[in-house]
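1. The following block contains a protein sequence and its predicted model.
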Amino acid sequence: MFENMSEAQARAQILAMAAEYCDRFHAPKPYAAGQRIPYASRVFDRRELASLVDSALDFWLTAGRYTELFEQQFPRAIGSVFCSLVNSGSSANLLAFMALTSPLLGERAVRRGDEVITVAAAFPTTVSPVVQFGAVPVFVDVTIPQYNVDVSRIEAAVSEKTKAVFLAHTLGNPFDLKAVRALCDRHGLWLIEDNCDALGAKYAIDGVEKFTGTVGDIGTSSFYPAHHITMGEGGAVYTDNPLLHKIIRSMRDWGRDCVCPGGTDNLCGRRFDRQYGELPPGYDHKYVYSHFGYNLKVTDMQAAVGCAQLEKLPAFVERRRRNWQRLRDGLADVQDRLILPEPAPSSTPSWFGFALTCIGKSGRPSARSRLTQLIEGSGVQTRTLFAGNVVKHPCFDPLRQAGAGYRVVGSLEATDRVLTDAFWLGVYPGMTDEMVDRMVEVVKDSVRQLK
């Protein structure tokens, strides 16, 4: 088939065939009445598949040219400086937190026993790195219907041991970045923004609007199929701070001191002529380790998909906003039974989901379980709001029994209500107006059946 072709011609033909294959076998199918509506799904076309095949033809199986391209394009898209691709959003959170433990940060480094302020109404991997390292998560309550940290309570959580604040923008709705950033500046605390559910959201501070993930010292994103863009598995850590970027790259890449990308050697020209600690003089810099690190890199095939997806981010975000607003408008007349979500002041959310909290009748248990079963039974997927209250999950039992390992400031009343009464629906960009309208119909019918 390729006998009389150059490599470039053969590649072009293969990519054309891949694009045609995608058009034929992966084209979106119109929604049919009664079809199940998922809370999330990947949205792609021939560009992603052709990009994936193009990378596969290189057979460069680790990070390569597409990774480098994504790490250049992504920070430009969100107004950041440095970006490091990793293999998941959870790894991004791990890397972001562990970067703050580096000895290169001197007195500001997080050490075992230091405290990190966060919320319990969260996805577990926002909290897991803190616990696993041996720092102490300090939990404060959230507010409903924004489902983010209650900033009126956060000052009381600060102690002489506090070193950082680590918070997520819940379901794409920004937390009060102005108040949290001011608190961090006032007390000299690091701020990590878990931006995994909010890529493309914006927040205005004193009239200056910035993308979420870029206000704190470090931001993180997830590129799991349910998120705003996908590369299957994947994530990113980004920062404007050159020292933090250096630490992040080192810890991502086994903890090594060398900054040469894979497949390159001696970019600095000093590979064999330095002294490092107690190592022999001239020890190969590629094998000098300045941190206890990991291997959290992506494959170039993942990055290739991400590059194609990144071009679509603005359109994806706009469609999520449209679907969210259509849901809210459609459900306005059931606010006596369901608390509808609200965007944070000064924000332009990039919605990941549409949160709802059941309004129970006095003396009766929560109706959420029954309501979500009815909704699911009618073909619409639902999800609880992540851990609800992570402190009540089995993973916290050993810490609770030991009487140490975490701290709660005040009550977690709203968090416990999220645990028992809240759930959410999807707004992913593959949803059509017909699908959203069907979701509205199903929720209303299900609410009526509870009466």
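-> Sure, I can see it. Here the structure is a predicted model, which is why all the values come from computation and not from measurement.

2. Mind listing what's buried along the least confident helix or strand in the chain by mean pLDDT?
-> Within the chain, no helix or strand scores below helix 397-402, which has a mean of 88 by mean pLDDT, DSSP states H and E. Buried residues in helix 397-402, counted by 16 or more other C-beta atoms under 10 Å: none are found. Where you see a C-beta, it was placed from the backbone N, CA and C, and this is true even at glycine.

3. what does stretch 266-277 give?
-> Neighbour counts over stretch 266-277 (16+ other C-beta under 10 Å) mark R271 as buried.

4. Can you give the contact residues for that stretch?
-> Stretch 266-277 has contacts (C-beta atoms under 8 Å, 6 or more residues apart in numbering) with D257, C258, V259, C260, D265, P281, G282, Y283, D284, H285, K286, V288.

5. end-to-end on it?
-> End-to-end distance for stretch 266-277, by C-alpha to C-alpha, to the nearest Å: 20 Å.

6. repeat for stretch 353-373
-> Span of stretch 353-373 from end to end, C-alpha to C-alpha: 18 Å.

7. contact partners of it?
-> For stretch 353-373, contacts defined as C-beta under 8 Å, 6+ apart pick out 39, 144-145, 147, 170-172, 197, 324, 327-328, 331, 336-341, 382-383, 385, 417-418, 420-427, 443, 446-447, 450.

8. Now restrict those to buried residues only.
-> 39, 144-145, 147, 170-172, 197, 324, 327-328, 331, 337-341, 382-383, 385, 417-418, 420-427, 443, 446-447.

9. Sort out for me which of those are in helices.
-> W324, L327, R328, R417, V418, T420, D421, V443, S446, V447 (DSSP state H).

10. A19: what secondary structure?
-> Per DSSP: H, G, I helix; E, B strand; the rest coil, the secondary structure class of A19 is helix.

11. Was I right to think it contacts E48?
-> No. Applying C-beta atoms under 8 Å, one finds A19 not in contact with E48, separated by 10.1 Å.

12. between those two, who's got more neighbours?
-> Shown here are A19 and E48; by other C-beta atoms under 10 Å, E48 has more neighbours (23 against 16).

13. Over to that one. Which of the three states is it?
-> helix.

14. Quick check, it in contact with L310.
-> No. At 10.6 Å, E48 and L310 do not qualify as touching, with contact defined as C-beta under 8 Å.

15. re earlier: now do the least confident helix or strand of the chain: everything it contacts.
-> In contact with helix 397-402 (C-beta under 8 Å, 6+ apart) are residues V131, V391, G405, Y406.

16. of all the residues you listed, which comes closest to I117?
-> Taking C-beta to C-beta as the measure, I117 lies nearest Y406 of the contacts of helix 397-402, at 11.4 Å.

17. who touches that closest one in this structure?
-> Applying C-beta under 8 Å, 6+ apart, the residues near Y406 are V131, V136, P137, V138, F139, V391, F396, L399.

18. filter the residues you listed to the buried ones?
-> Buried subset of these (neighbour count, 16+ other C-beta under 10 Å): V131, V136, P137, V138, F139, V391, F396.

19. Could you identify the most distant pair in those?
-> V138 and F396 (13.9 Å).

20. where do the helices sit along the stretch 251-400 of the chain?
-> 300-310, 313-330, 368-377, 397-402 (DSSP state H, counting those that start in this stretch).

21. from these, which stretch is densest packed?
-> Mean neighbours per residue, mean count of other C-beta atoms under 10 Å, is largest over the helices of the stretch 251-400 of the chain for helix 300-310, with a mean of 24.
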